[in-house]
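Trainee: Provide a 3D model corresponding to the input given below.
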Amino acid sequence: MVKELGRFNVQGWAARDESGILSPFDFTRRKTGPHDVTFKIVYCGICHSDLHQIRNEWKGSLYPMVPGHEMVGTVVEVGSEVKNFTYGDRVGVGCMVGSCHHCDSCSKGQEQFCEKVIWTYGSIDVDGSVTFGGYSSLMVCNQSFVVKIPENLPLDASGPLLCAGITVYSPMKYFQMTEHGKSLGVVGLGGLGHMAVKFGKAFGLQVTVISTSPNKEKEAREVLGADRFLISKDEKQMQAAVKSLDYIIDTVSANHSVEPLLCLLKVNGKLIIVGLPEKPVQFAAPAVVMGRRFVGGSLIGGVKETQEMLDSCGEHNICCMIEKISIENVNTAMERLVKGDVKYRFVIDAAQSFKSDE
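Mentor: Next comes the predicted model:
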């Protein structure tokens, strides 16, 4: 960590164009301000949205782009007005680094819906600069968007909680999908899906994994503790499960039909979408009208709720299943991510990947 002209020199990897190929990229971050927390990034998870962003698949990507919004590490400096963090603390930063703090969403602790939210990377910061994410060696962030990582959780497997974890935890809490003994369907068994299974079991739910891949059944049952497994392409299995679930959380971002999932819900059942398929979601009105079923959506969670989730994970010893990589293997990891070849989250070992500047 070297300060040059009042800024920190930072090592990172960036995509330069829509090819999405990542390569070494040196840049600077602002010095620690009065309200800032500066920390050495030790690990950073690779989210599927990173892949979309570096390839400009959602349009509007800003290059060079340093991705990463699942970063965790240890505090090396705090600003003069920072009271809740100190040197050596285990901390993390998720998908956001700023918001207006004044709007209705911010006042309710839902900063992710603020019209002026500043995303952790590929966004415009208050000073007009582009934000750079966690595929890097050091982070400087306003204390309002920094969270503490429970001491009992492994740091490497905690990073993905800041996106994959909160993305499923938040709707389960908000839509009251936590009643002990109720039945939860989890569509897709990837980074988000495996966390939904873990939270579901922690809440005391009967969990059914719904997947197109029969080869995931053994792990779903034996490793994650799922109670049932449905192959969504098997019409007989799907028909036998009609009206068997109280809740469904759909984590799949590939284009797929929602109507067969709605048929699995009991009367008053809830289907919550957290994936982002390219094509519009469509279903016939009777699929919801005839069972008074609810379809909703959710986007990550606010900072306070993220801290609540982390504390809950600490209490129940919940963390992500990961595969650690060095930054040099990040492009290979992206190609494997396209194929779904990861259980269940790649995590970059930033501390080992970047040489110390000290």
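Trainee: please make it C-alpha for all contacts and neighbour counts, starting now.
Mentor: Will do.
Trainee: longest helix in this protein, please.
Mentor: Longest helix in the chain by number of residues (criterion: DSSP state H): helix 303-316.
Trainee: name the residues that touch it?
Mentor: 109-111, 144-153, 161-162, 165-166, 169-170, 202, 319 (CA atoms under 8 Å, 6 or more residues apart in numbering).
Trainee: now list the buried members of these.
Mentor: Buried members of those, counted by 16 or more other CA atoms under 10 Å: 109-111, 144-150, 153, 161-162, 165-166, 169-170, 202, 319.
Trainee: that older thread, how far away from the center of its chain is the longest helix of the chain?
Mentor: 14 Å (CA atoms, centre = their mean, to the nearest Å).
Trainee: and the gap between the residue nearest to Cys263 when sequence neighbours are not counted and Lys266?
Mentor: Distances taken as CA to CA, 6 or more residues apart in numbering put Val242 closest to Cys263, at 5.5 Å, once the chain neighbours are dropped. Distance, Val242 to Lys266, using CA to CA, to the nearest Å: 8 Å.
Trainee: then Asp89?
Mentor: From Asp89 over to Lys266 the distance is 46 Å, taken as CA to CA.
Trainee: again, but for Phe346
Mentor: 36 Å.
Trainee: so for the two, which sits in the more crowded spot?
Mentor: Neighbours were tallied for Phe346 and for Lys266 using other CA atoms under 10 Å; the higher tally belongs to Phe346 (27 against 18).
Trainee: check contacts around the closest residue to Ser99 other than its chain neighbours.
Mentor: Spatial nearest neighbour of Ser99, chain neighbours left out: Val117 (4.2 Å); criterion: CA to CA, 6+ apart. Contacts of Val117 were listed using CA under 8 Å, 6+ apart, and they are Met96, Val97, Gly98, Ser99, Cys100, Glu111.
Trainee: just the buried ones from these, in PyMOL syntax?
Mentor: To isolate the buried subset of these in PyMOL, counting by 16+ other CA under 10 Å, use the following:
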select buried, resi 96+97+98+99+111
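Trainee: local confidence estimate at the residue most central in space within the chain?
Mentor: For the chain, the residue sitting closest to the mean C-alpha position, by CA atoms, centre = their mean, is Cys163 at 1.7 Å. Note for Cys163: predicted pLDDT of 98.
Trainee: that's all I had, so thanks and see you.
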